[in-house]
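>>> based on what follows, work out the 3D shape:
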Amino acid sequence: MVFKVAERCNIDCDYCYYFNMGDTRALARPPVVDQDRAEAVGQWITQGCDDLGIRKVLLSFHGGEPMLLKPRAFDRICASLRAAIEPKASLGFAIQTNGTILSPAWLEAFSRHRVHVGVSIDGDRLAHDRHRLDKRGRSTFETTKRNLERLVDWSNDDRALGPSTISVLDWRNDLAEIYRSFRAMGVREMSFLLPDRSRDDGFAGDGETAAAYGRQLADVFEAWLKEDDASVFVRQIERALARFRLGGPMRSENVQIVVVQSDGSIALNDSYIPALPWYRDLPQTSVDDTPLRDHLTLVRSLESEAGLHSLPSGCNGCEWARLCRGGDVENRFSRNGGFNNPSAYCEGYQVFYARVRDLLVANGYPREIFETRLEGAA
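Residues are numbered from 1 along each chain as shown. The predicted model follows:
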């Protein structure tokens with residue numbers, strides 16, 4: 001579950017789906033959540049645990065920039081959520097931050113409530129400052145890097161606390177070098193995201209292609225493979241390897257993400273925002289009027305009606321269809337075709353999966369196993 005405890009940000013990333021892709025509704029919601037609303041969210045989750053027999057909850061604090069909350073307010077919110085939920089279910093916390101705000105008080109709150117900290121950082125200075133500038137156009141790299149290093153020291157190698165990193169790809173960056181730079185800082189959990197776009201958005205040209213992004217993901221895989229350290233977790237690699245093992249997506253990839261906003265309104269997964277013509281017309285519900293059980297029923301209906309979990313017809317016959325399943329749904333959207341399109345990154349996925357296969361075979365993985373698991377890809 002994602003809890004949007006802040007609906008504003010202190011920096012201005014040009015690729016930000018939340019503020020810079022045309023959906024301005026966040027600006028009409030409270031800048032930060034208040035204690036009463038947080039307590040109402042806690043009671044709503046608790047009732048959902050009762051109704052659905054949920055025994056484990058992972059709550060991730062997002063924004064905007066969630067650390068625009070004061071650390072004392074954050075501490076109170078965590079305490080109230082624990083008081084409400086922990087009698088019914090185990091509760092884990094995470095936070096995703098741009099890494100520009102950190103203080104001893106924040107570290108104390110993270111320690112007290114065992115919060116896993118994720119930091120958004122795109123790589124070295126050049127890579128990071130292509131897109132992640134402050135509101136006056138100034139670099140945020142040194143502050144983010146310094147605070148990431150502080151978090152590595154603070155966590156004392158406790159994987160439950162992180163820190164992990166999220167990086168958005170840019171076709172001009174050297175991803176193998178970025179991977180190595182994160183490892184040199186002591187980071188052991190990473191995620192590399194394709195830029196948000198729908199089928200209608202196209203690419204900038206000048207070397208930006210879907211295939212270029214596929215090569216970058218493959219470069220990360222090759223760097224990870226060369227390091228040969230099983231303790232390093234890269235989300236896109238783990239997902240690809242699991243799909244190769246299983247011949248398709250993991251069950252955990254179909255988990256519904258519930259997003260609760262600062263005013264208590266409930267949204268579908270906001271990573272769907274690149275499909276804005278569809279996303280902005282979805283019905284609005286609230287923790288005040290819609291139990292979690294009913295919200296999940298509504299989500300299943302909306303996603304099924306839109307065909308979000310169906311293989312696009314254009315993917316039939318592709319050798320990677322069972323592994324890829326059309327990619328992330330927001331990258332399949334077009335105004336004319338809805339979600340029944342191959343991903344905007346289709347060619348990139350083909351490049352990535354082919355290179356992963358070739359590298360694994362070169363390192364002794366039997367090719368015939370791949371062929372068996374890819375059969376019936378239509």
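
>>> what about this structure, any weak spots by pLDDT?
248-255, 373-378 (pLDDT under 70).

>>> just the helices in it please.
Secondary structure of the chain (DSSP state H): helices at 35-52, 71-85, 104-113, 125-129, 141-155, 175-184, 210-227, 235-246, 276-279, 292-306, 321-324, 346-362, 367-374.

>>> return the backbone torsion pair for the closest residue to Glu149 other than its chain neighbours.
Of all residues not flanking Glu149 in the chain, Met185 sits nearest, at 5.8 Å (CB to CB, 6 or more residues apart in numbering). (Glycine included, C-beta is placed from N, CA and C.) For Met185, the backbone dihedrals (degrees, to the nearest 10) come out as phi -80, psi -10.

>>> residues near Met185, how many?
14 (other CB atoms under 10 Å).

>>> go on, the one 4 residues further on?
If you count neighbours by other CB under 10 Å, Glu189 ends up with 19.

>>> does it really touch Ile166, like I thought?
No - with contact defined as CB atoms under 8 Å, Glu189 does not count as touching Ile166 (9.9 Å).

>>> ok so, going back, pick the most deeply packed of the helices of the chain.
helix 321-324 (a mean of 22; mean count of other CB atoms under 10 Å).

>>> list the helices and strands that helix packs on?
Helices and strands touching helix 321-324, by 3 or more CB pairs under 8 Å, 6 or more residues apart in numbering; DSSP states H and E, are helix 235-246, helix 346-362, helix 367-374.

>>> can I get those helices in CSV with distance to Asp75?
Below are those laid out as CSV (distance: least, CB to CB, whole Å):
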stretch, distance to Asp75
helix 235-246, 29
helix 346-362, 42
helix 367-374, 48
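
>>> between the ones you listed, which one is nearest to Arg325?
Of all the helices and strands packed on helix 321-324, it is helix 235-246 that lies closest to Arg325, at 8.7 Å by CB to CB.

>>> what angle sits between the closest one and helix 346-362?
Orientation check (axes from the mean of the first three to the mean of the last three CA atoms, to 10 degrees): helix 235-246 against helix 346-362 gives 70 degrees.

>>> which strands and helices sit next to helix 235-246?
Under the contact definition 3+ CB pairs under 8 Å, 6+ apart, helix 235-246 sits against strand 189-193, helix 210-227, helix 321-324, helix 346-362, helix 367-374.

>>> tell me what Glu189 is bridged to.
Beta-bridge partners for Glu189, by DSSP bridges, are Phe233.

>>> separation between it and Val232?
According to CB to CB, to the nearest Å, Glu189 and Val232 sit 8 Å apart.

>>> from what I can see Arg159 touches Gly186, true?
No - between Arg159 and Gly186 there is no contact under CB under 8 Å: 11.9 Å.

>>> switch the helices and strands packed on helix 235-246 over to a markdown table; also include distance to Thr140.
Listed next are these as a markdown table, based on distance: least, CB to CB, whole Å:
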| stretch | distance to Thr140 |
| --- | --- |
| strand 189-193 | 18 |
| helix 210-227 | 22 |
| helix 321-324 | 34 |
| helix 346-362 | 28 |
| helix 367-374 | 42 |
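
>>> looking at those, which is closest to Ala240?
Closest to Ala240 of the helices and strands packed on helix 235-246 is helix 346-362 (CB to CB; 5.5 Å).

>>> picking that back up, can I get the helices of the chain in JSON lines including distance to Gly338?
Below are the helices of the chain laid out as JSON lines (distance: least, CB to CB, whole Å):
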{"stretch": "helix 35-52", "distance to Gly338": "30"}
{"stretch": "helix 71-85", "distance to Gly338": "37"}
{"stretch": "helix 104-113", "distance to Gly338": "41"}
{"stretch": "helix 125-129", "distance to Gly338": "34"}
{"stretch": "helix 141-155", "distance to Gly338": "37"}
{"stretch": "helix 175-184", "distance to Gly338": "32"}
{"stretch": "helix 210-227", "distance to Gly338": "20"}
{"stretch": "helix 235-246", "distance to Gly338": "25"}
{"stretch": "helix 276-279", "distance to Gly338": "7"}
{"stretch": "helix 292-306", "distance to Gly338": "6"}
{"stretch": "helix 321-324", "distance to Gly338": "18"}
{"stretch": "helix 346-362", "distance to Gly338": "16"}
{"stretch": "helix 367-374", "distance to Gly338": "27"}
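
>>> isn't the residue nearest to Glu149 right up against Asn147?
No - assessed by CB under 8 Å, Met185 is found out of contact with Asn147, at 11.2 Å.

>>> quick one on the thing from earlier: which of the helices of the chain sits closest to Ile266?
helix 292-306 (5.4 Å).

>>> C-alpha coordinates for that closest one, CSV please?
Backbone C-alpha positions of helix 292-306 (Å, rounded to 0.1, in the frame of the first residue of the first chain) are rendered in CSV as follows:
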residue,chain,number,x,y,z
LEU,A,292,-10.8,-1.8,1.3
ARG,A,293,-12.7,-4.9,0.3
ASP,A,294,-15.0,-2.9,-1.9
HIS,A,295,-12.2,-0.8,-3.4
LEU,A,296,-10.3,-3.9,-4.5
THR,A,297,-13.5,-5.3,-6.1
LEU,A,298,-13.8,-2.0,-8.0
VAL,A,299,-10.2,-2.1,-9.1
ARG,A,300,-10.5,-5.6,-10.5
SER,A,301,-13.6,-4.6,-12.4
LEU,A,302,-12.0,-1.4,-13.9
GLU,A,303,-8.7,-3.2,-14.8
SER,A,304,-10.6,-6.1,-16.4
GLU,A,305,-12.9,-3.8,-18.4
ALA,A,306,-9.8,-1.9,-19.7
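
>>> helices or strands next to it in the packing?
Under the contact definition 3+ CB pairs under 8 Å, 6+ apart, helix 292-306 sits against helix 35-52, strand 285-286.

>>> what's the closest of those to Gly364?
Per CB to CB, nearest to Gly364 of these: helix 35-52, 44.2 Å.

>>> contacts for the closest one, please.
1, 3, 5, 30, 33, 54-55, 57, 59, 73, 76-77, 80-81, 83-85, 87-89, 260, 262-264, 287-288, 291-293, 296 (CB atoms under 8 Å, 6 or more residues apart in numbering).

>>> nice, that's everything, thank you.
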